[in-house]
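**Q** Predicted model follows, preceded by the sequence.
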Amino acid sequence: MATSVSTPQSTGSTVQQTKVLILQHGATNQTRNITGGPSTLFTVLADNQAASASNTKVWVKLTDDISDGWTPGTTLSLLGFPMVAYTAADTGQFLGTYQLLHIGGTGLRFENGISAYASKEAGDLATAAPGTAVGVQFTHS
Amino acid sequence: MSNSAYAASGKANLVIDIPEKGSSGSANATPEDDMGVPAGESFSSATLYSIIVDCTNNPNEDVTFRLYDNASPSVGTTVAEVWVPGKRGQIISYEWPIGIPFGTALSSATVKGAGGTGGSTNPSGTVKVTVVCDLTLA
């Protein structure tokens, strides 16, 4: 399995982009600390390009907690939404898919920090890992 | 909601206000079941594009707005398909330009606190929610 990618890139302003790869195996590897708090989230771009029969639907879940040792399934997630993979009509092969979330107004404030994980199950406490890796990119303060 | 919102194909672009526009009520933990489907009709599919959570009159605590792919969810038990927070005293909009598909139904609830499953307490103040979606009838 590929190693994680976590490359915070300061633009010189207060807004940054952080891209993470959420791994497919193991609850610990599902969890990614994005940034410490307080922080304001503006966009989430999730990438399920490796969609397959075992990875048809993946939820991205965000938690207002960046403390070491928190694990999916114990801390309530603040926000969650799914990506759905489709199959090509002519070949039946799975197509990669994206999901973009834009948060308007003044953004969504996370007091303690932004953490994320992915699961193939809905619900804030479900932890079953996706079948394949999911990339998620965040724009935040 | 009247049937006139729907074209002959049974598909409509809907703006759903919770509670209904002009109402003095609040979005709360009592589920809004099978939203947008007129009496005598049935749901076929929906695509969610936007949620606006207005907590300007709910200053005391954060809330969570949940959308269920379920025609009659049990709030506190049924797992939500999408859940987003409303922050005390603020208006926040969430937009998914690609859309999120719902295949069974589109129902909702608004509860005090965080989380997409547990919790079924009403917000203490008045919360207004607007949902923008495509909805197709069977």
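**A** Happy to help now that I have it.

**Q** Tell me which residue is most central in chain B.
**A** B:S108 (4.1 Å; CA atoms, centre = their mean).

**Q** and the residue nearest to that one when sequence neighbours are not counted, how many residues sit next to it?
**A** Once flanking residues are discounted, B:S108 sits nearest to B:E32: 4.7 Å by CB to CB, 6 or more residues apart in numbering or on different chains. C-beta: built from backbone N, CA, C; applies to glycine. For B:E32, the count of nearby residues is 21 (other CB atoms under 10 Å in any protein chain shown).

**Q** same question, A:K61
**A** Neighbours around A:K61, by other CB under 10 Å: 29.

**Q** Mind listing the residues bridging to it?
**A** A:G80, A:Y117 (DSSP bridges).

**Q** what secondary structure does the nearest residue to B:T30 once chain neighbours are set aside sit in?
**A** Closest residue to B:T30 apart from its sequence neighbours, by CB to CB, 6+ apart: B:A109 at 7.1 Å. Counting by DSSP: H, G, I helix; E, B strand; the rest coil, the backbone at B:A109 sits in strand.

**Q** which residues touch B:A109?
**A** Listed by CB atoms under 8 Å, 6 or more residues apart in numbering or on different chains, the contact partners of B:A109 are B:28-32, B:65-66, B:68, B:73, B:75, B:120.

**Q** Counting by contacts, list what the lengthiest strand in chain B packs against.
**A** With secondary structure taken from DSSP state E, chain B has its longest strand at strand B:43-57. Secondary-structure packing of strand B:43-57 (3 or more CB pairs under 8 Å, 6 or more residues apart in numbering or on different chains; DSSP states H and E): strand B:63-68, strand B:82-86, strand B:91-102, strand B:126-137.

**Q** Thanks again, I'm all set now.
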